[in-house]
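Q: A structural model of the following input is requested.
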Amino acid sequence: MVFELEADATIPAEYVLLTHYLGEPADLELERKIGVYLRRIQCAHGGWALFHAGGFDVSATVKAYFALKMIGDSPTADHMIRARGALLAHGGAGACNVFTRILLALFGVLSWRAVPKMPVEIILLPRWSPIHLSKISYWARTVIVPLLVLLALRPRARNPRRVRIDELFCQPPKSIRTLPRGAHQKEPWSSGFFLLDKVLRVAEPRFPPALRAKAMEKSVAFVDERLNSDDGLGAIFPAMANAVMMYAALGVPPEDPRRAVARKALDKLLVVKDAEAYCQPCLSPVWDTALACHALLEAGSPTADRAAVAGLRWLQPLQVLRVAGDWAVQRPGVRPGGWAFQYRNDHYPDLDDTAVVVMAMDRACHGIADPGAFACAIDRGREWVEGLQSANGGWAAFDADNTFHYLNNIPFADHGALLDPPTVDVAARCASMFAQLGETASSPRMRAALRYLEREQREDGSWFGRWGVNYIYGSWSALCAFAVAGVDVRSPVVRKSADWLISIQNVDGGWGEGCESYKLDYKGWEPAPSVASQTAWALLGLMAAGLVDHPAVENGIAWLLEAQDANSGWQEDHYTGGGFPRVFYLRYHGYSTIFPLWALARFRNLKRGATRRIAFGM
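A: As a prediction, this is how the structure comes out:
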């Protein structure tokens, strides 16, 4: 099962701009449909936001405007005038982020002086170096390596329509020299790295040509090895697009198998409908299928059970058993055994998907499937998760101990998302998996995990949600882990979180939380409209805390039933998926179906059962 996965305007805009960068024959009908989509999601403030009904974002607006102008929209059109006016009121396109600056430099709009210095030679640095590819996240690694080649070669977009966007700047674009800084960046690290940028600008031209050739060769080899067939480098749009541009800059012809398969991977991300089209940032079939299996197993009808087992059988051969991916740099003695988020991404399986798949398989084996049907898959998945626990007791999404926080202060990291440290939601999922598989709370691994979760609880009782929006998601995840681990529901850590969830319930009975909750100066929950998926998370969390009979749960269930539409689904335009806090958010189109079904079925099951305790890790 795979649902649409929608981000903001940047990905479809970048897809359009990529085709013009390469000088490909124009697909006018596809461009027309993407134009319809971009115009539809333009906000009332005149620009484009990072999520539904969000605030103005400079970089998203620059890319959307550039793409629409490339498609053929006149700068005198009303929507273009409004976008341009909003941009200029926010300091103009010169206030855009690093990734947008690189795009504009490739099109010749900005000087390369406006882009942080990232010499390709950094790929040759030893592992003990303070800056090394193994010290950053998988997504940053796959994006940066082909980008290093582009930054070294500085190619110019073909741009056959000769479109420029100088009108979006408050000063001549080529005069921009100051590098952007992220609000998260701290002294003295920030100033030190920005000084290093100045040193590199002087030193780089003096690097030996042989060293550059070696670095280029190693960068290309990195990409070649991880091309991932037509699922793409890292199976994420930015890395895939950079790979295609890298091959083009190196003179690799379009018919070369490497460039051809890299380009094909991008088209697999398109969602083309009758009236409009957009490009997804990646695909989520493993995640969608695993979550759907949990909801179906909770529903428990013969039809639902058969569908769940079919889904798990589909997932089984997608387990990565032979490739020791980049995670093995930190854990060389661990055997592979995880699942990726996408159809295939063998170098980059993730802990969250693996834990969720294993729990669904284990649950099926204790009720509706042959007890041995998924035994080997469960064992290998458990073994891999065991090996990736970080030193602080938690788990990250893709790597272990990826906690080199000083690197978020380099000029390139104005987005603040260079790393993959342990997070509550993933750690809770992994702890839930071990508890469901029979590991007791007294084992060293579980003790460390539960202590990590306890340390991360906020004063108000909530937990931060890295991959879902936000504290509702994190609190649901943690409460499930404590419940299945057998922690007393009357314990302070559980009661405090349950009380927080009850305190933020909306008067209509539902729950909601905005993406603004990721702001750096967050001081506490702010009211937001009730949303189906977030209401379901809150309900699942409260039921994990033993409160199935509480009025808050009864009211939440009533809200879900009342909000259900004529097609037995729930309308949800809000973005409740996390990408990178304050930078990138996701709308999982399946969440509004999967999680309400799950919550309603669990409520029914607990009400009918002899116990009020949940029996599974989610």
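Q: gap between the residue lying closest to A260 once chain neighbours are set aside and L106?
A: Spatially, and ignoring its direct neighbours in sequence, A260 is nearest to P254 (6.5 Å; C-beta to C-beta, 6 or more residues apart in numbering). For the C-beta atoms, the positions are set from N, CA and C on the backbone; glycine is no exception. P254 is 18 Å from L106, where distance means C-beta to C-beta, to the nearest Å.
Q: Which one of the two is surrounded by more residues?
A: L106 (23 against 12; other C-beta atoms under 10 Å).
Q: unless I'm mixing things up, that one is touching R156, no?
A: Yes - taking contacts as C-beta atoms under 8 Å, L106 lies within contact range of R156: 7.1 Å.
Q: in the helix or strand of the chain with the lowest mean pLDDT, what counts as buried?
A: Using mean pLDDT, DSSP states H and E, helix 189-203 stands out as the lowest-scoring helix or strand of the chain, at a mean of 85. For helix 189-203, the buried set under the neighbour-count rule, 16 or more other C-beta atoms under 10 Å, comprises 190, 193-194, 196, 200.
Q: Report all helices and strands that it contacts.
A: Based on contacts counted as 3 or more C-beta pairs under 8 Å, 6 or more residues apart in numbering; DSSP states H and E, there is no element that helix 189-203 packs against.
Q: quick one, strands of the stretch 201-350 of the chain?
A: Taking DSSP state E, counting those that start in this stretch to define them, one finds strands in the stretch 201-350 of the chain at 270-272, 277-279.
Q: do the stretch 501-618 of the chain as well
A: Using DSSP E, counting those that start in this stretch, strands in the stretch 501-618 of the chain cover 577-580, 584-588.
Q: how about these in JSON lines, adding distance to V334?
A: Below are the strands of the stretch 501-618 of the chain laid out as JSON lines (distance: least, C-beta to C-beta, whole Å):
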{"stretch": "strand 577-580", "distance to V334": "26"}
{"stretch": "strand 584-588", "distance to V334": "29"}
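Q: could these go into JSON lines alongside mean pLDDT, distance to D420 and mean neighbour count?
A: Compiled in JSON lines, the strands of the stretch 501-618 of the chain are given as follows (pLDDT from 0 to 100; distance: least, C-beta to C-beta, whole Å; neighbours: other C-beta atoms under 10 Å):
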{"stretch": "strand 577-580", "mean pLDDT": "92", "distance to D420": "11", "mean neighbour count": "20"}
{"stretch": "strand 584-588", "mean pLDDT": "97", "distance to D420": "14", "mean neighbour count": "23"}
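Q: With Q571 as the reference, name the closest of those strands.
A: strand 584-588 (12.1 Å; C-beta to C-beta).
Q: Buried deepest among the strands of the stretch 201-350 of the chain, which one?
A: strand 277-279 (a mean of 24; mean count of other C-beta atoms under 10 Å).
Q: which outside residues touch that one?
A: 6, 11-12, 14-15, 30, 33-34, 36-37, 237, 266, 269-271 (C-beta atoms under 8 Å, 6 or more residues apart in numbering).
Q: A485: neighbour count?
A: Residues near A485, counting by other C-beta under 10 Å: 23.
Q: got it, and D326?
A: 20.
Q: how much space between it and N402?
A: Distance of D326 to N402, computed by C-beta to C-beta: 10 Å.
Q: next one: A292
A: 29 Å.
Q: for the buried residues of helix 189-203, which one is nearest I557?
A: S190 (48.5 Å).
Q: check contacts around the closest residue to that closest one other than its chain neighbours.
A: Closest residue to S190 apart from its sequence neighbours, by C-beta to C-beta, 6+ apart: N409 at 4.7 Å. Neighbouring residues of N409 by C-beta under 8 Å, 6+ apart: 185-186, 189-190, 192-193.
Q: Next one: N409 from N402, what distance?
A: For N409 relative to N402 (C-beta to C-beta), the value is 16 Å.
Q: Okay, helices next: where are they in the stretch 201-350 of the chain?
A: Residue ranges of the helices in the stretch 201-350 of the chain, as given by DSSP state H, counting those that start in this stretch, are 209-225, 237-249, 257-267, 285-299, 302-315.
Q: Tell me the secondary structure of the closest residue to L351 other than its chain neighbours, please.
A: Leaving aside its sequence neighbours, L351 sits nearest to W395 (C-beta to C-beta, 6+ apart; 4.9 Å). Secondary structure state of W395, per DSSP: H, G, I helix; E, B strand; the rest coil, is coil.
Q: From here on, call the first residue 587.
A: Got it, the first residue is 587 from now on, which makes the last one we talked about W981.
Q: how many neighbours does W981 have?
A: Neighbours around W981, by other C-beta under 10 Å: 30.
Q: Just the pLDDT at it, thanks.
A: Looking at W981, its pLDDT is 98.
Q: isn't it right next to P1007, touching?
A: No - contact between W981 and P1007 fails when scored by C-beta under 8 Å: they sit 10.1 Å apart.
Q: that older thread, would you quantify the distance from the residue nearest to A846 to G1176?
A: Distance of P840 to G1176, computed by C-beta to C-beta: 35 Å.
Q: residues in contact with the closest residue to A1069 other than its chain neighbours?
A: Leaving out its chain neighbours, the residue that sits closest to A1069 by C-beta to C-beta, 6+ apart is A1130, at 4.0 Å. By C-beta under 8 Å, 6+ apart, A1130 lies in contact with 1062, 1065-1066, 1068-1070, 1200.
Q: got it, and A1017?
A: The neighbourhood of A1017, defined by C-beta under 8 Å, 6+ apart, consists of 1032, 1035-1036, 1039, 1067, 1071.
Q: Let's have those residues in TSV, adding distance to G1098 and secondary structure.
A: Formatted as TSV, those follow (distance: C-beta to C-beta, whole Å; DSSP: H, G, I helix; E, B strand; the rest coil):
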residue	distance to G1098	secondary structure
M1032	33	helix
A1035	29	helix
L1036	29	helix
L1039	24	helix
A1067	24	helix
A1071	29	coil
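Q: farthest-separated two in these?
A: Going by C-beta to C-beta, the pair spanning the contacts of A1017 furthest: M1032 and L1039, at 10.5 Å.
Q: Pick out whichever of the two has more residues nearby.
A: Taking neighbours as other C-beta under 10 Å, M1032 and L1039 compare with L1039 leading, 24 against 19.
Q: For the nearest residue to the more buried one once chain neighbours are set aside, give its distance to A1014.
A: Spatial nearest neighbour of L1039, chain neighbours left out: A1064 (5.2 Å); criterion: C-beta to C-beta, 6+ apart. Note on A1064: its distance to A1014, by C-beta to C-beta, is 5 Å.
Q: repeat for L781
A: From L781 to A1014 the distance is 40 Å (C-beta to C-beta).
Q: what's the answer for D816, then?
A: 34 Å.
Q: Can you report phi and psi for the closest residue to G621 other than its chain neighbours?
A: For G621, ignoring the flanking residues on the chain, the nearest one in space by C-beta to C-beta, 6+ apart is I657 at 4.6 Å. Dihedral angles of I657 (phi, psi; degrees, to the nearest 10) stand at phi -70, psi -30.
Q: Give me the pLDDT for I657.
A: Reported pLDDT for I657: 97.
Q: how many neighbours does it have?
A: 23.
Q: Tell me if I'm right that it and K619 touch.
A: No - with contact defined as C-beta under 8 Å, I657 does not reach K619; the gap is 10.0 Å.
Q: returning to what we had before: ok, which of the strands of the stretch 1087-1204 of the chain comes nearest G677?
A: Between those, strand 1170-1174 lies closest to G677; by C-beta to C-beta that is 21.0 Å.
Q: who does the closest one touch, helix- and strand-wise?
A: strand 591-592, strand 1163-1166.
Q: As TSV, those strands with distance to S870 would be great.
A: Below are these laid out as TSV (distance: least, C-beta to C-beta, whole Å):
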stretch	distance to S870
strand 591-592	5
strand 1163-1166	9
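Q: And these: which comes nearest R1081?
A: strand 1163-1166 (26.5 Å).
Q: Pull the distance from the helix or strand T605 falls within to the chain's centre.
A: Here T605 sits within helix 596-608, counting by DSSP states H and E. Taking C-alpha atoms, centre = their mean, to the nearest Å, one finds helix 596-608 lying 20 Å from the centre of the chain it belongs to.
Q: No more questions from me, cheers.
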